[in-house]
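Chemist: Structure of the sequence below:
(one chain, ligands or ions: 2)
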Amino acid sequence: MSSAPPRRVAVLGGGHLGAALARGWAASGLVTAADITITRRHRSKLDSLAGEGFGVGTDNAAAVSEADVVIVAVQPAQVEGVLRDIAPVLGARPLISVATGVSLAALRAPLGPDAVVARAMPNTAVEAGSSMTCLAGDDRSGPALEAAESLFAGVGRALVIDEDMMTPATALCACGIAFFLRTIRAAAQGGTEIGFHSEEALLLAAQTARGAADLILTTRSHPESEIDRVATPRGCTIAGLNELEHRGFSSAMIRGILKASERAGELL
Ligand SMILES: NC(=O)C1=CN([C@@H]2O[C@H](COP(=O)(O)OP(=O)(O)OC[C@H]3O[C@@H](n4cnc5c(N)ncnc54)[C@H](OP(=O)(O)O)[C@@H]3O)[C@@H](O)[C@H]2O)C=CC1
Ligand SMILES: O=C(O)[C@@H]1CCC=N1
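Modeler: Ligands and ions are numbered 1, 2, ... in the order given. Below you'll find the predicted structure:
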């Protein structure tokens, strides 16, 4: 069971993921917007988050000083500089990095060996409370891993994995949401070609995708068993499925995941 979520959170790096995290935690009720401070260098780009009630600023060390837990959400190559900024004030606060490819050892290098750090790999569905987030820590991560479990379980599902699986997790979950989004978009495009207005086609495709995911998550059955229940002999489903496979659908998805994993492993 995860412990109570931290009261005050500093999100260093209010870009796409940092903003999604802040909004997801506030929407879930896990942390109030006023207790989340988001930083980035360009203050004006934080105006809309400030308007939503979040604390915003450009001073990482000041944000850390007022927080119970720190989230690092800058690009991988920017992590080291941010950690150097905050090293003098971090103390024993748990720090969770969502940066791709930045190891626990690399996080501790500028902070010192006793820094309480963990890694998280969520996807942008944190904003909708529906992320799949993988977490990793080691024997010195204690409170950081606990804070990560409670924060990320509040905006989807969280699973602790070995650190050496964080790169594959990046490809399958963090990049993977883009692949499923493209699949939904493509299905909607097909829907429009067969007669639906685009907004209707998108709704139908997205709810159908959600249904497919819910079937697997609630029944724990295998996708192929579920497909067998849909595909009536000589019917339209098997005709469509076989056409997808003739066009390389499964192969394209598998290759996309492999490529993303390969690139994720090269980011630093
Ligand atoms: N996007 C996603 O879906 C996912 C991303 N990740 C990881 O999350 C991290 C962020 O990715 P993403 O949100 O896409 O990237 P973005 O480029 O959108 O966000 C990074 C943000 O960091 C800010 N930043 C840069 N330097 C500093 C600094 N010194 N202090 C404070 N803020 C700073 C930038 O703003 P400014 O220029 O104004 O400073 C920018 O808004 C990456 O490491 C990525 O690997 C992980 C999982 C999913
Ligand atoms: O594309 C990227 O590099 C980041 C990491 C995973 C998702 N977005």
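
Chemist: can you tell me the residue of the stretch 1-150 of the chain closest to ligand 2?
Modeler: Thr100 (4.4 Å; C-beta to the nearest ligand atom). Where you see a C-beta, it was placed from the backbone N, CA and C, and this is true even at glycine.

Chemist: in the strand or helix carrying Ile254, what's buried?
Modeler: In the assignment (DSSP states H and E), Ile254 maps to helix 249-264. Neighbour counts over helix 249-264 (16 or more other C-beta atoms under 10 Å) mark Gly256, Ile257, Ala260, Ser261, Ala264 as buried.

Chemist: can I get those residues in a markdown table with distance to Ser141 and pLDDT?
Modeler: Conversion of these to a markdown table gives the following (distance: C-beta to C-beta, whole Å; pLDDT from 0 to 100):
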| residue | distance to Ser141 | pLDDT |
| --- | --- | --- |
| Gly256 | 31 | 98 |
| Ile257 | 27 | 97 |
| Ala260 | 26 | 97 |
| Ser261 | 24 | 97 |
| Ala264 | 21 | 94 |
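
Chemist: Which one of those is nearest to ligand 1?
Modeler: Ala264 (8.2 Å).

Chemist: which residues are in contact with the helix or strand hosting Gly81?
Modeler: Secondary structure from DSSP H and E places Gly81 in helix 79-90. Helix 79-90 has contacts (C-beta atoms under 8 Å, 6 or more residues apart in numbering) with 12-13, 60-61, 64-65, 70, 72, 74, 97, 99, 102, 106-107, 109-112, 115.

Chemist: Give me the nearest residue to Ala209, chain neighbours excluded.
Modeler: Ile184 (5.2 Å; C-beta to C-beta, 6 or more residues apart in numbering).

Chemist: most residues in a single helix of this protein, which one?
Modeler: In the chain, taking DSSP state H as the definition, the longest helix is helix 198-219.

Chemist: Looking at this protein, which residue is nearest ligand 1?
Modeler: For the chain, C-beta to the nearest ligand atom, closest residue to ligand 1: Gly15, 1.8 Å.

Chemist: pretty sure that residue is in contact with Ala73, am I right?
Modeler: Yes. Taking C-beta atoms under 8 Å as the definition, Gly15 is a contact partner of Ala73 at 6.7 Å.

Chemist: Which one's more surrounded, those two?
Modeler: Ala73 (28 against 15; other C-beta atoms under 10 Å).

Chemist: Next up, the contacts around the more buried one.
Modeler: Val11, Leu12, Gly13, Gly14, Gly15, Leu17, Gly18, Leu21, Val98, Ala99.

Chemist: Looking at those, point me to the pair that's furthest apart.
Modeler: Gly14 and Ala99 (14.4 Å; C-beta to C-beta).

Chemist: Need phi/psi at Ile38.
Modeler: When read as degrees, to the nearest 10, the backbone of Ile38 gives phi -120, psi 130.

Chemist: my read: it touches Asp47, true?
Modeler: No. The pair Ile38 / Asp47 is not scored as a contact, 11.4 Å apart, by C-beta under 8 Å.

Chemist: What's the local residue count around Ala22?
Modeler: A count of neighbours around Ala22, defined by other C-beta under 10 Å, yields 27.

Chemist: Quick check: it is in a helix.
Modeler: Yes. Under DSSP: H, G, I helix; E, B strand; the rest coil, Ala22 sits within a helix.

Chemist: Against Leu204, how distant is it?
Modeler: Using C-beta to C-beta, to the nearest Å, Ala22 is found at 31 Å from Leu204.
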